[in-house]
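Asks: sharing a model prediction with you, sequence too.
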There are 2 protein chains.
Amino acid sequence: MAGKEAPAVTPWEVNGEIDYDGLMERFGTEPITPELLERVRQHTGRLHYMLRRGVFYSHRDLDTVLDHYEGGGRFVLYTGRGPSGPVHLGHLVPWTFTRHLQEAFGSQLIFQFTDDERMLIRDGIDEEAAGHWVLENALDVMALGFDPEKTEFIVNVRHAAKLYPLALKIARDITYSTVRTVFGFGDDPSLGMMFFPTMQAAPCFLASERDGEPVPCLVPAEIEQDTYWRITRDVARKLGYPKPAQVHGRMLPGLTGDAKTSSSQPLTAIYTTDVPELVERKIEEADTGDHPARCPMYQYRNLLLTENDDETHEFYVDCLEGNIDCRECKARLAEAVNRFLGKHQRRRRLIRGSVEKMLE
Amino acid sequence: MAGKEAPAVTPWEVNGEIDYDGLMERFGTEPITPELLERVRQHTGRLHYMLRRGVFYSHRDLDTVLDHYEGGGRFVLYTGRGPSGPVHLGHLVPWTFTRHLQEAFGSQLIFQFTDDERMLIRDGIDEEAAGHWVLENALDVMALGFDPEKTEFIVNVRHAAKLYPLALKIARDITYSTVRTVFGFGDDPSLGMMFFPTMQAAPCFLASERDGEPVPCLVPAEIEQDTYWRITRDVARKLGYPKPAQVHGRMLPGLTGDAKTSSSQPLTAIYTTDVPELVERKIEEADTGDHPARCPMYQYRNLLLTENDDETHEFYVDCLEGNIDCRECKARLAEAVNRFLGKHQRRRRLIRGSVEKMLE
């Protein structure tokens, strides 16, 4: 339960436990300024709630991408997932924003499944398991409403031929010492772990390669991955492709007070396939914060579930003023999550056939 | 012109300028013994002239492959080429022997075009050039009479999806320090050059992977590549595939006295597309040895062009006894080469359509 003093800041200016401004400074990325938001608004109409609230708050070259778009060019979106387990609500934050961008700008999305990396790591999964999770995770992606005509899944192992020619060009320009510095590999890394970054970089340049002209690529990404994208940006310069642009988002906190939802600790996360009773139990047992900005209950609403700003704000104020206690707040969040998941799970079932086709 | 003393050895026991026995000792490979030859003969009928003359003289695990074959199992052949230029007669020596093995044992051949490696090296070629040489070189391969039904071309870049899953498994088990030790890379190698060996190793295991049971792979190879195959053999053990077996052959010498025909010095080699006048000029200007065993004129006959042992032997003796001078020997070799190339070039033209289809 939160304290009683009214906050001086609007809820979406509060960062919770992660110092997002510090991260921006550390990685040298740019804030998404009111001016930039206004430029976006001119193309999308009312700003998406994740932009209104600063869920996506930092970027690299988003302005350059808009320049290109305003000049009549297209840009593509690129994101992905390591298919080694079920998807939780935290994953849906950037994907929901990506879907908005696809709809607003008519952009093609390249969604990469890094099954190769999942097989390369120690105690990694095998091809059969990867295949299972690729389909399961792709259902979650498409259930968010991406346009199948404008969405291309690249499953690295089975679609290697799409990426390998580009990965080669990239691999020619990155040296061992560079990846080692950036990724901090152990003493004697495997060839696979060293080569993998080139397969992850390749989709950034796929549209340019296919069109035979520069097509910028915008990657909704976690800011911590900036170093990785910096290599890719260096390579882009050498190869003459547009540098991949990024927008950086905040992360959904774990239910048990961790800064980030974690797949490896099941109780900290709500999976998209959880049954209502499990959702209720997880939320019932969740930790709450001393302030809504530091409380997962509030963050789940603000970052993902509640599109309506007034409703979000109401919860924020009610919590601070003690008009709602944690028990009731949790019960209502569980309801909201189950409403959301009910629809999501229905869509997952309906689209299974068409998603299987997309993956072929 | 050679001296006059009669030799105490049969011509095919003479090594020329390369110490092939020393190589065998250095790499720790096994000689192809009379006993092993007899085992081969039981399956192939009369021994192929390249075995009769010891052109192929060393091996690893050829006996194991025969065990498997005699037990009712199949084995596959694997060889390949970096498609960065035209094929010369030196390339045809191992391929001719490979074709014999395919026919005699009914084996499938996997022929890999390492266009990826050609693009990775410094001053490498681009995709268009690689595509051109892939087709041109494939024509030379198929003109030798390989069975199209039993021959699979793998062009690494366009067929990456066939190899990448296996390359990943291999890449997981090879470390940076291992490839560095074996290949002696420079100070800071590119990721591409480091990963490439796994793509070259992958075809060794492709048949086992497809059949879901051990299918040995036999690689007709130059003995100098043994270190490379040793890594692949180590990986095979770890992954549970049969270790790739090898047969090692002698190399056609260059026309200008070099130990080995070299693509980078055009005058040292006869290309399969050379016109008769060019062949005549190249052979006219070629160096001769002080002994047929050290003379390219003789080696071209013994290693490749003359299947008939008596005819080969006759040239050998005639040279030693001074019954034929270099000018006449050269004129007759030029005739033989042009007869060979005339047929080869005709076949190349006839099969172009079907080879294009094989490469799709």
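Replies: Now that the structure is in, tell me what you want to look at. Numbers count the residues shown, from 1 in each chain, chains lettered A, B, ... in the order given.

Asks: all contacts plus neighbour counts: C-alpha atoms, from now on.
Replies: OK.

Asks: strands of the stretch 101-250 of chain A, residue ranges please.
Replies: A:109-113, A:151-155, A:217-222, A:245-249 (DSSP state E, counting those that start in this stretch).

Asks: what pairs with the last one, parallel or antiparallel?
Replies: So that's strand A:245-249. According to DSSP bridges, strand A:245-249 forms sheet pairs with strand A:56-60 (antiparallel), strand A:217-222 (parallel).

Asks: related to what we said a few turns ago, pick out the shakiest of the strands of the stretch 101-250 of chain A, pLDDT-wise.
Replies: By mean pLDDT, the lowest-scoring of the strands of the stretch 101-250 of chain A turns out to be strand A:217-222, with a mean of 93.

Asks: buried sites along that one?
Replies: In terms of neighbour count (16 or more other CA atoms under 10 Å in any protein chain shown), strand A:217-222 has its buried residues at A:Cys217, A:Leu218, A:Val219, A:Pro220, A:Ala221, A:Glu222.

Asks: that older thread, nearest to B:Glu117, of the strands paired with strand A:245-249?
Replies: strand A:217-222 (27.8 Å; CA to CA).

Asks: show me the contact partners of that closest one.
Replies: With contact meaning CA atoms under 8 Å, 6 or more residues apart in numbering or on different chains, strand A:217-222 is reached by A:62, A:65, A:75-79, A:94, A:98, A:204-205, A:242-251.

Asks: and with 7 Å instead?
Replies: A:75-79, A:94, A:98, A:204, A:244-249 (CA atoms under 7 Å, 6 or more residues apart in numbering or on different chains).

Asks: stretch A:328-345 too?
Replies: In contact with stretch A:328-345 (CA under 7 Å, 6+ apart) are residues A:Ala143, A:Thr272, A:Thr273, A:Pro276, A:Val279, A:Glu280, A:Ile283, A:Glu284, A:Met297.

Asks: save these as TSV, and put in distance to B:Asp325 and pLDDT too.
Replies: Compiled in TSV, the contacts of stretch A:328-345 are given as follows (distance: CA to CA, whole Å; pLDDT from 0 to 100):
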residue	distance to B:Asp325	pLDDT
A:Ala143	83	98
A:Thr272	86	97
A:Thr273	87	96
A:Pro276	96	97
A:Val279	95	96
A:Glu280	98	96
A:Ile283	97	95
A:Glu284	100	94
A:Met297	98	94
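
Asks: how about those residues, which pair is most distant?
Replies: Applying CA to CA across the contacts of stretch A:328-345, the maximum distance is between A:Ala143 and A:Glu284, 26.7 Å.

Asks: what's the pLDDT at the closest residue to A:Asp126 other than its chain neighbours?
Replies: Leaving aside its sequence neighbours, A:Asp126 sits nearest to A:Met119 (CA to CA, 6 or more residues apart in numbering or on different chains; 6.0 Å). Note on A:Met119: pLDDT of 83.

Asks: what's the local residue count around A:Met119?
Replies: 24 (other CA atoms under 10 Å in any protein chain shown).

Asks: quick one: it from B:Ala160, how far?
Replies: If you measure A:Met119 against B:Ala160 using CA to CA, to the nearest Å, the figure is 17 Å.

Asks: go on, A:Val141?
Replies: Going from A:Val141 to B:Ala160 by CA to CA gives 27 Å.

Asks: got it, and A:Ile223?
Replies: 32 Å.

Asks: now swap in A:Pro216 and tell me
Replies: From A:Pro216 to B:Ala160 the distance is 26 Å (CA to CA).

Asks: tell me the residues of chain A that contact chain B?
Replies: Proximity of chain A to chain B (CA under 7 Å from any CA of the partner chain) is limited to residues A:116, A:120, A:157-161, A:164-165, A:168, A:171-177, A:188-192, A:194-195.

Asks: show me where the stretch 251-360 of chain A has strands.
Replies: According to DSSP E, counting those that start in this stretch, the stretch 251-360 of chain A contains no strands.

Asks: can you map out the helices along it?
Replies: For the stretch 251-360 of chain A, the helices defined by DSSP state H, counting those that start in this stretch occupy A:276-284, A:296-300, A:309-321, A:326-359.

Asks: mean neighbour count and distance to A:Arg52 added to those helices, as JSON lines?
Replies: Formatted as JSON lines, the helices of the stretch 251-360 of chain A follow (neighbours: other CA atoms under 10 Å in any protein chain shown; distance: least, CA to CA, whole Å):
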{"stretch": "helix A:276-284", "mean neighbour count": "18", "distance to A:Arg52": "26"}
{"stretch": "helix A:296-300", "mean neighbour count": "25", "distance to A:Arg52": "15"}
{"stretch": "helix A:309-321", "mean neighbour count": "17", "distance to A:Arg52": "9"}
{"stretch": "helix A:326-359", "mean neighbour count": "16", "distance to A:Arg52": "21"}
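
Asks: got TSV for those helices, with distance to B:Val355 too?
Replies: Listed next are the helices of the stretch 251-360 of chain A as TSV, based on distance: least, CA to CA, whole Å:
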stretch	distance to B:Val355
helix A:276-284	60
helix A:296-300	60
helix A:309-321	65
helix A:326-359	31
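
Asks: nearest residue to the middle of chain A?
Replies: A:Pro94 (3.0 Å; CA atoms, centre = their mean).

Asks: excluding chain neighbours, give the residue nearest to that residue in space.
Replies: Once chain neighbours are set aside, the closest to A:Pro94 by CA to CA, 6+ apart is A:Pro220, at 6.4 Å.

Asks: how close does the one you found sit to A:Pro197?
Replies: A:Pro220 is 17 Å from A:Pro197, by CA to CA.

Asks: now the helices for the stretch 1-150 of chain A?
Replies: Going by DSSP H, counting those that start in this stretch, the stretch 1-150 of chain A shows helices at A:20-27, A:34-44, A:49-52, A:62-70, A:89-105, A:115-120, A:127-143.

Asks: please identify the most buried of those.
Replies: helix A:115-120 (a mean of 24; mean count of other CA atoms under 10 Å in any protein chain shown).
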